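> task: produce atomic coordinates for the following.
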Amino acid sequence: MEPIPQAQYGFTEEQLTAPQESLLELTEQPEWIPVILREMRYGSEQLNELVNFRSGLAGVSGFSSDMKVLLERRDNAPSAALAVELFCYQARKTIGALAATLGGLDTLVFTGGIGERAVPVRTEICQGLEFLGAQLDAR
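Sure thing, here's the model as predicted:
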């Protein structure tokens, strides 16, 4: 598979490797898919590989979608730091949107790997959510 197209098609690598987030995109294709299909002549298997395996954290970092690995390497790998930063930004944005929809929050609970083992990620996500009354329990 050839490298992901960037500036020559008017898209940044971040635009091409960021996970798709809008529910509208379930019925509307992201703006870069026609470019990939037409200009790069990607077939369905190549597009599947790009969207499902070379996007998101792995696409931004260039090497992993594992948050533990990204946290371990972010001091020495700017792409890992960017992946963590984008993940935390997206999580913070989603929490803010849900809080607005719900009219506020009573409790914010992190579960899974982030809830169990990722204090730095919880801390970064909660930065800026103080207006919701978010108080981080660092345990």
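
> so what's L108 closest to, chain neighbours aside?
Nearest-residue entry for L108: A134, 5.8 Å, with adjacent residues in sequence omitted and distances by C-beta to C-beta, 6 or more residues apart in numbering. In short, each C-beta sits where N, CA and C put it, glycine included.

> what number of residues lie near V121?
Using other C-beta atoms under 10 Å, V121 has 21 neighbouring residues.

> what's next to the helix or strand hosting it, contact-wise?
Using DSSP states H and E, V121 sits in helix 119-126. By C-beta atoms under 8 Å, 6 or more residues apart in numbering, the surrounding residues in contact with helix 119-126 are 67, 71, 84-85, 87-88, 91-92, 95, 108, 110, 114-115, 134, 136, 138.

> D75: what secondary structure?
Recorded secondary structure, D75: coil (DSSP: H, G, I helix; E, B strand; the rest coil).

> could you point out which residue ranges in this structure have low pLDDT?
Where the chain drops to pLDDT under 70, the residues are 1-32, 138-139.

> and the residue nearest the centre of it?
In the chain, the residue lying closest to the centroid (C-alpha atoms, centre = their mean) is F87, at 4.2 Å.
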